[in-house]
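[1] Return atomic coordinates for the entry below.
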Amino acid sequence: MPLEGISLDIVGTLLVAGFLSAFIDAAVGGGGLISLPAMMMTGLPMSTVLGTNKLASMMGSMTSTLSFLHSGKVDKRLAARLFPLAFAGAAAGALTVRVLSPEFMRSLVVVLLLLVTI
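    Numbering: from 1, shown residues only. As a prediction, the model looks like this:
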């Protein structure tokens, strides 16, 4: 089990990073720039780190989507036509993460995080 024997310092850091990233994500977006490196430092497998980050992102997106749907601001026909493309892209991304080596993924995520901050 990856988190076996995890220290209270790391748990505390993850809790603070989680709250901070959720606040920033709700206010202006981009909370993953905080949560992703925080989870990476725990030594979790990259597929777990990326999946956990995506789940949190998906919850925020789902809340916004439901709000827009209820307000009538969504073109449902267009959304229905684009859904298969979004699903295919998500599936391709998930399969890619599973195929690439963890070392390569870790390096790639670090480089991409640095590029996003520029």
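
[2] When you work out contacts or count neighbours from here on, use the C-alpha atoms and nothing else.
    Will do.

[3] Can you identify the helix in this structure that spans the most residues?
    Ordering each helix of the chain by length in residues (DSSP state H) puts helix 46-71 first.

[4] Run a quick neighbour tally on residue 28.
    8 (other C-alpha atoms under 10 Å).

[5] Model confidence score at residue 29, please.
    Residue 29 is assigned a predicted lDDT (pLDDT) of 79.

[6] and what of residue 4?
    For residue 4, pLDDT reads 68.

[7] Over to residue 77?
    Residue 77 is given a pLDDT of 95.

[8] Next, the buried residues of the host helix or strand of it.
    Using DSSP states H and E, the element containing residue 77 is helix 76-99. Within helix 76-99, the residues scored as buried using 16 or more other C-alpha atoms under 10 Å are residue 97.

[9] If you count contacts, what does that helix end up packed against?
    Using 3 or more C-alpha pairs under 8 Å, 6 or more residues apart in numbering; DSSP states H and E as the contact definition, helix 76-99 packs against no other helix or strand.

[10] roughly how far is that helix from the heart of the chain?
    Relative to the centre of its chain, helix 76-99 is centred 15 Å away, using C-alpha atoms, centre = their mean, to the nearest Å.

[11] where are the low-confidence patches of the protein?
    Residues of the chain meeting the criterion pLDDT under 70: 1-4.

[12] any idea how far residue 90 is from residue 118?
    Distance, residue 90 to residue 118, by C-alpha to C-alpha, to the nearest Å: 26 Å.

[13] How about residue 71?
    36 Å.

[14] The two: who's more crowded?
    residue 71 (9 against 5).

[15] one step back: now the longest helix of the chain against helix 76-99, angle please.
    170 degrees (axes from the mean of the first three to the mean of the last three C-alpha atoms, to 10 degrees).
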